[in-house]
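K.L.:
Whatever this is, show me its structure:
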Amino acid sequence: MKIHPNDEILKNGYPEKVKKNEKTEHKDFGAIFRQIIQKSSKLNTGAQKPAIINNVSPIKFNTFSPAEKIPIMDRLERFLDILDEYHQKLGNPQVTLRNIYPTINRMEVEKESLIPVLNSLPDRDELKDILNHALITASLEAIKFNRGDYLTPYRQ
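P.N.:
Numbers count the residues shown, from 1 in each chain. Here you go, the predicted model:
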């Protein structure tokens with residue numbers, strides 16, 4: 001395989017000699033300007049129709065999702081109810097893991113929607129501490145459940 005040097009590329013980018021025999025016409029700016037305006041006025045004769053705009057996307061404002069319109073306390077209470085439901089189902093030997101799985105899914109969805117709420121609360125807010133503990137508990141329980149920690153002979 002033959003390797004070609006990059007000299008040809010450099011020569012095209014930086015010519016060695018400046019061509020001195022080319023002379024530009026010495027016209028004043030006004031003459032050039034009038035000439036261009038005359039050409040453009042000939043092209044734009046008559047009224048023109050506006051261009052048709054297709055597929056204009058609507059303006060999207062920062063709207064809140066329905067879950068964000070619910071007060072934080074109500075959302076936290078609903079989340080704690082889901083955790084309580086999970087706790088009751090997990091403690092009942094008659095309930096199968098297959099029946100618990102939808103509760104885990106609801107718990108994870110609600111957890112994901114509450115993370116922005118947690119980040120928006122001030123640092124010294126007691127509600128932030130409660131929400132943080134609940135979210136950590138939900139995360140750990142989802143990991144344990146999905147890992148199979150609760151598989152026992154009587155739960156199939």
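K.L.:
Run through the protein and note the low-pLDDT ranges.
P.N.:
1-27, 40-48, 51-70, 152-156 (pLDDT under 70).
K.L.:
can you map out the helices along it?
P.N.:
With DSSP state H as the criterion, the chain has helices at 7-13, 29-43, 66-69, 72-91, 97-120, 126-147.
K.L.:
can you tell which of those is closest to Pro50?
P.N.:
Closest to Pro50 of these, according to CB to CB: helix 29-43, at 17.4 Å. Placement of C-beta: from N, CA and C, glycine included.
K.L.:
List the buried residues in the closest one.
P.N.:
Within helix 29-43, no residue counts as buried by 16 or more other CB atoms under 10 Å.
K.L.:
which residues does the nearest residue to Leu127 once chain neighbours are set aside contact?
P.N.:
Leaving aside its sequence neighbours, Leu127 sits nearest to Leu121 (CB to CB, 6 or more residues apart in numbering; 6.3 Å). By CB atoms under 8 Å, 6 or more residues apart in numbering, the contact set of Leu121 is 72, 127-128, 131.
K.L.:
and of those residues, the nearest to Val95?
P.N.:
Leu131 (27.2 Å).
K.L.:
Around Asn105, how many other residues sit close by?
P.N.:
11 (other CB atoms under 10 Å).
K.L.:
And for Leu135?
P.N.:
Count around Leu135 with other CB under 10 Å applied: 19.
K.L.:
was I right about it contacting Lys111?
P.N.:
Yes. Assessed by CB atoms under 8 Å, Leu135 is found in contact with Lys111 at 5.6 Å.
K.L.:
Torsion angles phi and psi at the residue nearest to Leu127?
P.N.:
phi -80, psi 150 (degrees, to the nearest 10).
K.L.:
mind checking how far it is from Ile32?
P.N.:
In this view, Leu121 and Ile32 are 65 Å apart by CB to CB, to the nearest Å.
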